[in-house]
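[1] What follows is a protein structure lacking sequence information:
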Ligand code: ADP
């Protein structure tokens, strides 16, 4: 079975084509960027090319449908393609950021499912519209191929009410569905499962804290295999200090700043989502590597940007250990979680009271999957693989629906 995984942003479309029967191997992958411009950039690799060969070319992709058209054209290319005469994709799995309260698992895409995805445009204005365009694009280019929506929010739908209701008048939750939803669910679920598997333990008996630290970042408390709390909220803005997002702060700051700086709601939104976090504090970049380089040169704002970033993560780990009444495993993943040994060290240093003692050699070793503290609480690094998880969920949903209709 060949499953294509699609992740659409407002001006980009990433895809990965998996051959599920051959140990989930990736047969082709790529990205179309700058969709909507006169010329878009297409980067592509496949098993038909040499190992490190990558095709980079300019293509026309005025919208997501044209972008999907460019992908299928490439997949049929006599040299670089992986299909001979026709596209033989058995299912398409879409990353959909917001599923609201309706989806606690992945869903076969129908008219009704599409309606719910579009109902969430209000609470996910940056993410759901392009995800929706990606679905329509695939329907147009690959008609008849089953499509599945895999929601970033679904894994967190098991959170108890005490964790997801905000301290606002309850009618506002009823009227607008304002509540914590949480994101990165596919990643948290994947690495929690993988960590349990690596330790040969049953996830149903474990308390796990998963730290997904990339450009965006979130932490989840996973008890007995279910998400019971997570740091992102109704939108991805809540929680950790991120590349460009504020994370938690006093909500009164919002109205104060809007008045003082004469900011419109959109301008305030932009400030909190795009100009804050590591970038806003350091004044250098949202990229941790650049901030670390500046800190090494003695740049004080870079130094305290890293301090603030790590402190917030430590606090969340502590609070989730309290929320679950303990913790067995802490997992680091994402670009920063997987690669930045100094961040892991700094985050974990205050947690000695939990018996955590980081092995410097393990922490700095090149191994991708590893245990860096091996006491009662295990601390692990586990690379995430959201695309594979989406492909596996897609295969499951499609085979289940075949069973239903047979
Ligand atoms: P996204 O959320 O966009 O998928 P990633 O998970 O790729 O982001 O993470 C991007 C972040 O990871 C950047 O801040 C980058 O600096 C950081 N990062 C990547 N590699 C390293 C590294 N070797 N050391 C430190 N930080 C790294």
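    That came through, no problem. Just so it is clear, the model here is predicted, and its values are computed rather than measured.
[2] Not counting its neighbours along the chain, what's nearest residue 30?
    Among residues not flanking residue 30 along the chain, residue 44 sits closest, at 3.7 Å (CB to CB, 6 or more residues apart in numbering). The way it works is simple: take the backbone N, C-alpha and C, and place the C-beta from them, glycine included.
[3] Please verify my assumption that the one you found contacts residue 74.
    Yes: in this structure residue 44 lies within contact range of residue 74 using CB atoms under 8 Å: 5.5 Å.
[4] OK, contacts around residue 314?
    The contact partners of residue 314, by CB atoms under 8 Å, 6 or more residues apart in numbering, come to 347-348, 350-351.
[5] can you do 6 Å?
    By CB atoms under 6 Å, 6 or more residues apart in numbering, residue 314 lies in contact with 347, 350.
[6] Tell me the helix or strand right after whichever strand or helix holds it.
    Using DSSP states H and E, residue 314 sits within helix 300-324. With elements assigned by DSSP H and E, the helix or strand that comes after helix 300-324 is strand 329-333.
[7] So that following strand, near the ligand or not?
    No: judged by CB under 6 Å from any ligand atom, strand 329-333 and the ligand are separated, with a smallest distance of 8.3 Å.
[8] And that strand, what's buried?
    Neighbour-count burial for strand 329-333, counted by 16 or more other CB atoms under 10 Å, picks out 329-333.
[9] Average pLDDT for stretch 124-138, rounded please.
    For stretch 124-138, mean pLDDT is 93.
[10] Give the buried residues for that stretch.
    Across stretch 124-138, burial judged by 16+ other CB under 10 Å covers 124, 127-135, 137-138.
[11] Going by distance to the ligand, which of these wins?
    Nearest to the ligand among the buried residues of stretch 124-138, counting by CB to the nearest ligand atom, is residue 127 at 12.9 Å.
[12] in the stretch 301-406 of the chain, which ranges drop under the pLDDT threshold?
    Scanning the stretch 301-406 of the chain with the threshold set as pLDDT under 70 gives 404-406.
[13] For the ligand, give me its nearest residue in it.
    Proximity of the stretch 301-406 of the chain to the ligand (CB to the nearest ligand atom) peaks at residue 335, 2.0 Å away.
[14] Next secondary structure element downstream of the helix or strand where residue 72 lies?
    Per DSSP H and E: residue 72 is located in helix 64-75. Using DSSP H and E, the helix or strand that follows helix 64-75 in sequence is strand 91-96.
[15] From the contact counts, what lies against the helix or strand just after that following strand?
    Remark: after strand 91-96, the chain's next helix or strand is strand 107-108, criterion DSSP H and E. Using 3 or more CB pairs under 6 Å, 6 or more residues apart in numbering; DSSP states H and E as the contact test, no helix or strand touches strand 107-108.
[16] what about 7 Å?
    Strand 107-108 is packed against strand 147-151, helix 386-405, with contacts defined by 3 or more CB pairs under 7 Å, 6 or more residues apart in numbering; DSSP states H and E.
[17] Strand partners (parallel or antiparallel) of the shortest one?
    Looking back up the chat, that one is strand 147-151. When pairing is defined by DSSP bridges, strand 147-151 lines up against strand 91-96 (parallel), strand 107-108 (antiparallel).
[18] got the buried residues for the helix holding residue 72?
    Applying a neighbour-count criterion of 16+ other CB under 10 Å, one finds 64-72, 74-75 buried in helix 64-75.
[19] just checking, what packs against it?
    Using 3+ CB pairs under 7 Å, 6+ apart as the contact test, the elements touching helix 64-75 are strand 13-19, strand 25-33, strand 40-46, helix 128-141.
[20] pretty sure residue 212 is in contact with residue 231, am I right?
    No: contact criterion CB atoms under 7 Å: residue 212 and residue 231 do not qualify, at 9.5 Å.
[21] okay, the two: which has more neighbours?
    residue 212 (31 against 27; other CB atoms under 10 Å).
[22] The helix or strand harbouring the more buried one and the ligand in contact?
    Element membership for residue 212, per DSSP H and E: strand 207-213. No: Strand 207-213 stays clear of the ligand (CB under 6 Å from any ligand atom), getting no nearer than 7.4 Å.
[23] Around the ligand, which positions in the stretch 251-400 of the chain sit nearby?
    287-289, 334-336, 339-340.
[24] Include secondary structure when you put those residues into JSON lines, please.
    As requested, those are arranged in JSON lines below (DSSP: H, G, I helix; E, B strand; the rest coil):
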{"residue": "287", "secondary structure": "coil"}
{"residue": "288", "secondary structure": "helix"}
{"residue": "289", "secondary structure": "helix"}
{"residue": "334", "secondary structure": "helix"}
{"residue": "335", "secondary structure": "helix"}
{"residue": "336", "secondary structure": "helix"}
{"residue": "339", "secondary structure": "helix"}
{"residue": "340", "secondary structure": "coil"}
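[25] Just the buried ones among those, please.
    Those of those that meet the buried threshold are 287-288, 334-336, 339-340, by 16+ other CB under 10 Å.
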